[in-house]
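> Fold the following and give me the result.
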Amino acid sequence: MNNDLFQHARAAYAAKDYAGALQAFAQCLQDGGHPLAPGEMGLIYHQIGNCLVKLKDCNEAIHAYTQATADASYDACGAVNYNLGMAYAALHDYEDAVKHFEIAVSDAKYDTPYKAYTGMGNALLKLGKSAEAGVAFRESALDEGNPDPTKALLNLGVCFMALDRPADAVASYESALQFDMQAGTKNKLYANLGQAYVACGQMQKAVNAFEQSIADKRYYLSDSASVDYQRAVAAVSQGTSEITQVIPAVTAADMSGLDVAADGASMYADQDGYGAYGQEDPYYYADAYDGQPYPGVDNGDRFFSASDEELEQWSKGLAKQDRKRRNVGLKVLVFVVLLVLVAFGATVFLYTQGWGYPTQDAVVKQLFNDPQAAISSVFAKEVDADKAKTMVEPVVSDSNPTIDGVDKSMSDSTVYVTAKVPEGADVQYKVSLVRDMIGWKVSSVELYFPSQN
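Presented below is the predicted three-dimensional model:
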């Protein structure tokens, strides 16, 4: 690798000249005079992905990071997959985000798994999977490498409240108070703690927590927190500061933690290369985003000693009790409806990802098998016959062309092909396709020169 050019690219990135850094990193890949050593291709694509994220092009960043993971000699699997998870999350593709966060934490060489666990927790919350999110936030909080577990504990408390486990939420919030944090974060934490105390029937503690949250007059309670505060004050004034029977909430619990970071920043915010802990990390484009009845015993360390399955058990128990009250016919009906919805959703998802029948590969191979005969069958209707004939003139007939790559989207795709002439030389083409109902048709064919692209 051309080390001088690589260092120039990194300097440009550090100076926030992301377009210049991107160009320089790309030149490192194309510099034939300096062959790449094992692992260097992955490193360069990793850096290219970071540049593309800074340039707000998450789709291309995902492509670059994926190229980095394809380099088996590059040993930053965890770091790259964390970035992939963040990029997918920024595009609101939380399912794929979770998959890559899981790969990141499975990499024994990845030294900051708490970041991936935090990212995973937030993505799972967006998918409505509170129990699984709680497991992820707990792992983030327990990671000894996490310099500030406050946000993980705060969001873990939000998960417990969503699972109707206020006593465990109290334990999580109280554990978070042991750490230093910004004033705004502490105010929000006290407000959440106040609501958890109300759900547990501990009204005097709730009043104290709410008053602590608004003491500096810079934090305002949410509507639901204000209602709980008023209920707690009323209970204390009537001499019922401790209620053994938990009072059902008048309004929904304050779940603002799902959309707002513990430090007040919006989720998936780009922090200009700086994490929440003040140190620049060239391998991470942003730090992890931060974004009732259950009268159990208030055990401060309960959620730390619990197994991973315990967090899910409570919510599954509620669903199981509900299912027992339903008749078999209703179960079957719901099951069939769910199957239809899943099948429909899967079909729609695959369609948006560029899948179709016949596939792009099949259409392109049909074109190269017999270019002249394919004029009437593989070209889009908007391409007239004369134009199609002109396009196929440079096309080499090859019964088994090599598909070098396919860029897919819902409405159009690009296929890169290598065909062999009878003398044995390779000719490369770029074939553009457009959607034709559920399949694909060719819209253009041109010679492709990778060195010029």
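> list the buried ones in the biggest helix by length in the chain?
Secondary structure of the chain per DSSP state H: the longest helix is helix 328-352. Using 16 or more other Cβ atoms under 10 Å as the test for burial, helix 328-352 gives no buried residues. C-betas here are computed from N, CA, C, even on glycine.
> right, and the helix or strand after that helix?
Once the chain leaves helix 328-352, the next helix or strand it forms, by DSSP states H and E, is helix 360-369.
> after that next one comes which helix or strand?
Toward the C-terminus from helix 360-369 - assigned by DSSP H and E - lies helix 375-378.
> Need the CA coordinates for that following helix. CSV is fine.
Output in CSV follows, covering the C-alpha atoms of helix 375-378 (Å, rounded to 0.1, in the frame of the first residue of the first chain):
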residue,chain,number,x,y,z
ILE,A,375,-33.1,-8.2,-28.7
SER,A,376,-36.8,-9.0,-28.8
SER,A,377,-37.0,-10.5,-25.4
VAL,A,378,-34.7,-8.9,-22.8
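> what's downstream of that helix, the next helix or strand?
helix 385-392.
> Show me what that following helix is packed against.
Applying 3 or more Cβ pairs under 8 Å, 6 or more residues apart in numbering; DSSP states H and E, we find helix 385-392 packed against helix 375-378, strand 439-447.
> right, so of these, which gets closest to P401?
The closest of these to P401 is strand 439-447. By Cβ to Cβ, the value is 12.0 Å.
> Please name every helix or strand in contact with the closest one.
Using 3+ Cβ pairs under 8 Å, 6+ apart: strand 439-447 touches helix 360-369, helix 385-392, strand 426-436.
> looking at the ones you listed, which is closest to G33?
That would be strand 426-436 among the helices and strands packed on strand 439-447, by Cβ to Cβ, at 22.1 Å.
> May I have the strands that pair with the closest one, each with its orientation?
Applying DSSP bridges to the sheet, strand 426-436 is found paired with strand 412-420 (antiparallel), strand 439-447 (antiparallel).
> List the buried residues in the last one.
Spelled out, that is strand 439-447. Buried, per 16+ other Cβ under 10 Å, within strand 439-447: 440-445.
> Which of those residues sits closest to L22?
Lowest distance from L22 to these (Cβ to Cβ) belongs to S444, with 27.0 Å.
> Distance-wise, check the nearest residue to the closest one once chain neighbours are set aside relative to K381.
Take S444 and drop its neighbours on the chain: the residue closest to it by Cβ to Cβ, 6 or more residues apart in numbering is S432, 4.5 Å away. Remark: distance between S432 and K381 (Cβ to Cβ, to the nearest Å) = 15 Å.
> okay, the two: which has more neighbours?
Neighbour count, other Cβ atoms under 10 Å: between S432 and K381, S432 has more, with 15 against 8.
> That one contacts Y416, doesn't it?
No: the pair S432 / Y416 is not scored as a contact, 10.7 Å apart, by Cβ atoms under 8 Å.
> Pick the most deeply packed of the helices and strands packed on strand 439-447.
Highest mean neighbour count among the helices and strands packed on strand 439-447 (mean count of other Cβ atoms under 10 Å): helix 360-369, with a mean of 20.
> on contacts alone, who are the packing partners of that one?
helix 375-378, strand 402-408, strand 412-420, strand 426-436, strand 439-447.
> For the protein, which helix or strand comes out least confident on mean pLDDT?
helix 302-305 (a mean of 42; mean pLDDT, DSSP states H and E).
> which residues does the residue nearest to S444 bridge with?
The partner list for S432 in beta bridges (DSSP bridges) reads T414, S444.
> Per-residue confidence at it, what does it come out as?
Per-residue confidence (pLDDT) for S432: 94.
> Ok, Q202 next?
At Q202, pLDDT is 90.
> Same question for K186, what's its three-state structure.
helix (DSSP: H, G, I helix; E, B strand; the rest coil).
> Tell me how many other residues crowd it.
21.
> With Y13 instead?
21.
> Assess the claim that it and V53 are in contact.
No: under the criterion of Cβ under 8 Å, Y13 makes no contact with V53, lying 11.3 Å away.
> Show the contacting residues for the nearest residue to F6 once chain neighbours are set aside.
What sits nearest to F6 in space, not counting adjacent residues and going by Cβ to Cβ, 6+ apart, is C28, at 5.3 Å. By Cβ atoms under 8 Å, 6 or more residues apart in numbering, the contact list for C28 reads 1-2, 5-6, 9, 34, 44.
> Pull out the buried members of those.
1-2, 6, 9, 44.
> Tell me where the model's unsure across the chain.
Across the chain, the ranges flagged by pLDDT under 70 are 240-332, 451-453.
> domains of it?
Per the record, the chain has its domains at 76-305, 326-352, 360-452, by automatic domain parsing.
> For T69, which of those domains is the nearest?
domain 76-305 (5.4 Å).
> That closest one: how far from the chain's middle?
Its chain's C-alpha centre and that of domain 76-305 lie 18 Å apart, by Cα atoms, centre = their mean, to the nearest Å.
> Could you do stretch 429-443 as well?
30 Å.
> do the same with stretch 383-399
Computed by Cα atoms, centre = their mean, the chain-centroid distance of stretch 383-399 equals 42 Å.
> and it, how far apart are its ends?
24 Å (Cα to Cα, to the nearest Å).
> So Y229 versus D111, what's the distance?
Distance from Y229 to D111, by Cβ to Cβ: 42 Å.
> My error: substitute A343 in the last question.
Taken as Cβ to Cβ, the span from A343 to D111 is 42 Å.
> Pick the most deeply packed of the domains of the chain.
Burial of the domains of the chain is given as mean neighbour count (mean count of other Cβ under 10 Å); domain 76-305 ranks first at a mean of 20.
> would TSV of the domains of the chain with distance to Y18 be doable?
Shown next, in TSV, are the domains of the chain (distance: least, Cβ to Cβ, whole Å):
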stretch	distance to Y18
domain 76-305	10
domain 326-352	29
domain 360-452	22
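> List just the one of the helices and strands packed on strand 439-447 that sits closest to G78.
helix 360-369 (32.4 Å).
> what residues does that closest one touch?
354, 358, 374, 377-378, 392, 395-401, 403, 406, 408, 413, 415, 417, 419, 431, 433, 439-442, 445.
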